[in-house]
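1. Give me the fold of what follows.
(4 chains)
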2 protein chains.
Amino acid sequence: MSYKPAGELTELPKGHPCEECVIRPITICRRLDPRTLANLRALGSPQHLQAGQPMFHEGDPVKRVFMLASGSLKIYTLLADGRRQVTGFMFPGDFLGISVDDEYAFTAEALSDSELWWFSRQAFDAFVERTPDVERELYRLAAHELAAAQQQMVLLGRKTAAERLASFFLMLLERKERVSGRAERRFDLPMSRLDIADYLGLTKETVSRMLALLRDRGLIRLETQDRVQVTDRPGLEEMAAGFGEV
Amino acid sequence: MSYKPAGELTELPKGHPCEECVIRPITICRRLDPRTLANLRALGSPQHLQAGQPMFHEGDPVKRVFMLASGSLKIYTLLADGRRQVTGFMFPGDFLGISVDDEYAFTAEALSDSELWWFSRQAFDAFVERTPDVERELYRLAAHELAAAQQQMVLLGRKTAAERLASFFLMLLERKERVSGRAERRFDLPMSRLDIADYLGLTKETVSRMLALLRDRGLIRLETQDRVQVTDRPGLEEMAAGFGEV
DNA sequence: CGCATCGTTGAAATCGATCAAAGTCGGTGG
DNA sequence: CCACCGACTTTGATCGATTTCAACGATGCG
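-> This next block holds a predicted model:
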């Protein structure tokens, strides 16, 4: 195991504006800048995940901290009878696994072949202990994620199926823009229709139908099954905000 | 204005297990112990809110940090056409208002006549700056709240109306137990049926019907319109977990 | 090329929403 | 003390958005 002292993780961009930060419940999922990412590659231990392979399960003890280097993951919780709620997706650069509890309250599973680096939990904790500013950074990230969680509650509690899908697409587009730093017109859907449905509190059939609806209204175009082009962004934003129909 | 230097806020119980901690999106809502509460009463400035009166609105600049001393509040977000999602309720001892952003992304409104104490945002920030352990405490609280937010996503995305109400009741009961430190059989509903509906992503009529259903199944009894007695807790827990019917 | 998986589309069913009316509660004033 | 008023809650009947069930189509891999 090529683990190195956590004290070397000083390259974490503490003052970074971090608008693209994403934290998962009881986790930090954070987009790191490329330079830092390169540094972390050297410090952590690599791990490969094939598409569909779980990174950990609900109830697993929390022993590691992860950073996703390539690929994508879904994070979900199951009810006893199999109903599933996807609570988030992870993309390259996201950081995950910090927790105050002893067990994961969810499962993380690779959507596509993925590569990640990990650090032992206790070493990371020690690093945080030694580096006071990181504490603030973690808190700031958590606060951002709380805001995102609140938005998702509005989506799940009060938005229609079409509004949910429009909101989801805008989220993916905006995230891509924050990462690339420039306006984007298209984005990928690395997850299945079922994954999207379980994220939006719908069924895969409804997702498929709403996809057709957005397409027929000229808001989007499906370049391929897993690639979307936004053809009318203001229209999509109206739809997401609840002005799609009266 | 009787504001005092934030440096005197050293009575915050940093090592406190904090299982009853509640944080609202972009906020910390934290149950403080009675001794600390007494200290804060002396340090902060008091404010009264009558039932129905908003504490602040979405878009207000975040200038203060609040602690609820008595009464209760609801926190909600509105969509453009008036649809409302209540994202949380605040109870005595909860702490609220820490944010990394400059504006509130929600509205907080008193459910009943309430009393709260506030501290200026910058003074509180300065206090946090000066007291490194508080940073960790804040982060720990945020992580707890993220776990709660995830649970709420499962509720809103995948639970039936009856399951939502059962889950909500158990939440209120468990919260009361954490605060009192002993088993409880009853709890109050300071919020209206509409508030409950907007929290659970339902309508007030459905809430009323599900209330009748839980009552008719012998899981609860309505002592008064706003006071519930749990008569079959295992049954209520089954219902909340999704085993109510197959 | 054929199979398996995933996605789309159609028809019927259902849960919760909406519309409507009656009941309850607390407060107010006669 | 009681009658009335208004707001909230409950209950009933119907409606509709989304789900469920079913079949068909597309895509990708061996």
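
2. And the next helix or strand past the strand or helix carrying residue A:187?
-> Assigned by DSSP states H and E, residue A:187 belongs to strand A:186-188. Using DSSP H and E, the helix or strand that follows strand A:186-188 in sequence is helix A:193-200.

3. contacts for stretch A:75-92?
-> The set of residues external to stretch A:75-92 that reach it, using Cβ atoms under 8 Å, 6 or more residues apart in numbering or on different chains, is A:22, A:24-25, A:27, A:29, A:31, A:58, A:68-74, A:96, A:105-109, A:111, A:152, A:175, A:179, A:190-191, A:195, A:198-199, A:201, B:150, B:153-154, B:157-159, B:241-243, B:246. Glycine gets a C-beta too; all of them are placed from N, C-alpha and C.

4. Around residue A:227, how many other residues sit close by?
-> Using other Cβ atoms under 10 Å in any protein chain shown, residue A:227 has 12 neighbouring residues.

5. Do I have it right that it meets residue A:176?
-> No - using Cβ atoms under 8 Å, residue A:227 is not in contact with residue A:176; the gap is 11.9 Å.

6. joint contacts of these two?
-> Contact criterion Cβ under 8 Å, 6+ apart; residues shared by residue A:227 and residue A:176: residue A:187.

7. rewinding a little: selection in PyMOL covering whichever of the contacts of stretch A:75-92 are buried, please.
-> The following PyMOL line selects those of the contacts of stretch A:75-92 that are buried, judged by 16 or more other Cβ atoms under 10 Å in any protein chain shown:
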select buried, (chain A and resi 22+24+25+27+29+31+68+69+71+72+73+74+96+105+106+107+108+109+111+152+175+179+190+191+195+198+199+201) or (chain B and resi 150+153+154+157+158+159+241+242)
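
8. Residue of chain A closest to DNA strand D, please.
-> residue A:206 (3.0 Å; Cβ to the nearest atom of the strand).

9. ok, and the closest non-adjacent residue to that residue?
-> In space, and not counting its chain neighbours, residue A:206 is closest to residue A:161: 5.1 Å by Cβ to Cβ, 6 or more residues apart in numbering or on different chains.

10. For that neighbour, give me its contacts.
-> A:200, A:202, A:206-207, A:209-210.

11. try 6 Å
-> Residue A:161 makes contact with A:202, A:206, A:210, according to Cβ atoms under 6 Å, 6 or more residues apart in numbering or on different chains.

12. roughly how far apart are it and chain B?
-> Between residue A:161 and chain B the computed distance is 12 Å (Cβ to the nearest Cβ, to the nearest Å).

13. Correct me if wrong: residue A:196 contacts residue A:208.
-> No - with contacts defined as Cβ atoms under 6 Å, residue A:196 does not count as touching residue A:208, sitting 9.5 Å away.

14. So for these two, which residue has more residues nearby?
-> residue A:196 (24 against 14).

15. Please list all residues in contact with that one.
-> residue A:207.

16. do that again at 8 Å, thanks
-> A:165, A:168, A:189, A:202, A:204, A:207.

17. which ones are touching the last one?
-> So the one you mean is residue A:207. A:161, A:165, A:193, A:196-197, A:200.

18. Show me the strands paired with the helix or strand encompassing residue A:74, marking each as parallel or antiparallel.
-> Residue A:74 belongs to strand A:73-78 when assigned by DSSP H and E. If you go by DSSP bridges, strand A:73-78 pairs up with strand A:84-90 (antiparallel), strand A:107-110 (antiparallel).

19. is that strand up against DNA strand C anywhere?
-> No - using Cβ under 7 Å from any atom of the strand, no contact is recorded between strand A:73-78 and DNA strand C, whose separation bottoms out at 12.6 Å.

20. how deep is the nearest residue to residue A:110 once chain neighbours are set aside tucked in, by neighbour count?
-> Nearest non-adjacent residue to residue A:110, counting by Cβ to Cβ, 6+ apart: residue A:49, 3.9 Å away. Residue A:49 has 20 neighbours, counted by other Cβ under 10 Å.

21. Test my guess that residue A:49 contacts residue A:69.
-> No - in this structure, residue A:49 is not within contact of residue A:69 by Cβ under 8 Å, at 10.8 Å.

22. what about residue A:202, which SS state?
-> coil (DSSP: H, G, I helix; E, B strand; the rest coil).

23. no wait, residue A:207
-> helix.

24. And it, how far from residue A:86?
-> 12 Å (Cβ to Cβ, to the nearest Å).

25. Put together JSON lines for the contacts of residue A:161, with distance to DNA strand C and pLDDT on each row.
-> Formatted as JSON lines, the contacts of residue A:161 follow (distance: Cβ to the nearest atom of the strand, whole Å; pLDDT from 0 to 100):
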{"residue": "A:202", "distance to DNA strand C": "12", "pLDDT": "98"}
{"residue": "A:206", "distance to DNA strand C": "8", "pLDDT": "98"}
{"residue": "A:210", "distance to DNA strand C": "9", "pLDDT": "98"}
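
26. Could you dump those residues into a markdown table and include neighbour count?
-> A markdown table is the format used below for the contacts of residue A:161 (neighbours: other Cβ atoms under 10 Å in any protein chain shown):
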| residue | neighbour count |
| --- | --- |
| A:202 | 20 |
| A:206 | 18 |
| A:210 | 23 |
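
27. in the sheet, who's paired with residue A:77?
-> residue A:85.

28. count of neighbours near it?
-> Residue A:77: 22 neighbours (other Cβ under 10 Å).

29. cool, residue A:78 as well?
-> The number of residues near residue A:78, taken as other Cβ under 10 Å, comes to 16.

30. what does the one 5 residues further on give?
-> Using other Cβ under 10 Å, residue A:83 has 16 other residues around it.

31. so does the longest helix seen in chain A get close to DNA strand D?
-> Ranked by residue count and defined by DSSP state H, the top helix of chain A is helix A:132-158. No - using Cβ under 7 Å from any atom of the strand, helix A:132-158 stays clear of DNA strand D, coming no nearer than 10.4 Å.

32. Tell me the helices and strands packed up against that helix.
-> helix A:121-130, helix A:161-180, strand B:84-90, helix B:132-158, helix B:193-200 (3 or more Cβ pairs under 8 Å, 6 or more residues apart in numbering or on different chains; DSSP states H and E).

33. what's the most buried one of those?
-> Highest mean neighbour count among the helices and strands packed on helix A:132-158 (mean count of other Cβ atoms under 10 Å in any protein chain shown): strand B:84-90, with a mean of 24.

34. what about it, average pLDDT?
-> Here strand B:84-90 scores 95 as its mean pLDDT.

35. what packs against the helix or strand following that strand?
-> Sequence order places strand B:95-96 as the next helix or strand after strand B:84-90, per DSSP H and E. Secondary-structure packing of strand B:95-96 (3+ Cβ pairs under 8 Å, 6+ apart): strand B:64-70.

36. Run me through the strand neighbours of the strand it packs on, direction for each.
-> When DSSP bridges is applied, strand B:64-70 pairs with strand B:95-96 (antiparallel), strand B:114-120 (antiparallel).

37. can I get the CA coordinates of the last one in PDB?
-> Coordinates of the C-alpha atoms in strand B:114-120 are reproduced here as PDB (Å, rounded to 0.1, in the frame of the first residue of the first chain):
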ATOM      1  CA  SER B 114     -41.600  33.000  19.600                       C
ATOM      2  CA  GLU B 115     -38.700  34.500  21.400                       C
ATOM      3  CA  LEU B 116     -35.200  34.500  20.000                       C
ATOM      4  CA  TRP B 117     -31.700  35.900  20.600                       C
ATOM      5  CA  TRP B 118     -29.400  37.100  17.900                       C
ATOM      6  CA  PHE B 119     -25.800  38.000  17.400                       C
ATOM      7  CA  SER B 120     -24.300  39.900  14.500                       C
END
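
38. This completes my enquiry, with thanks.
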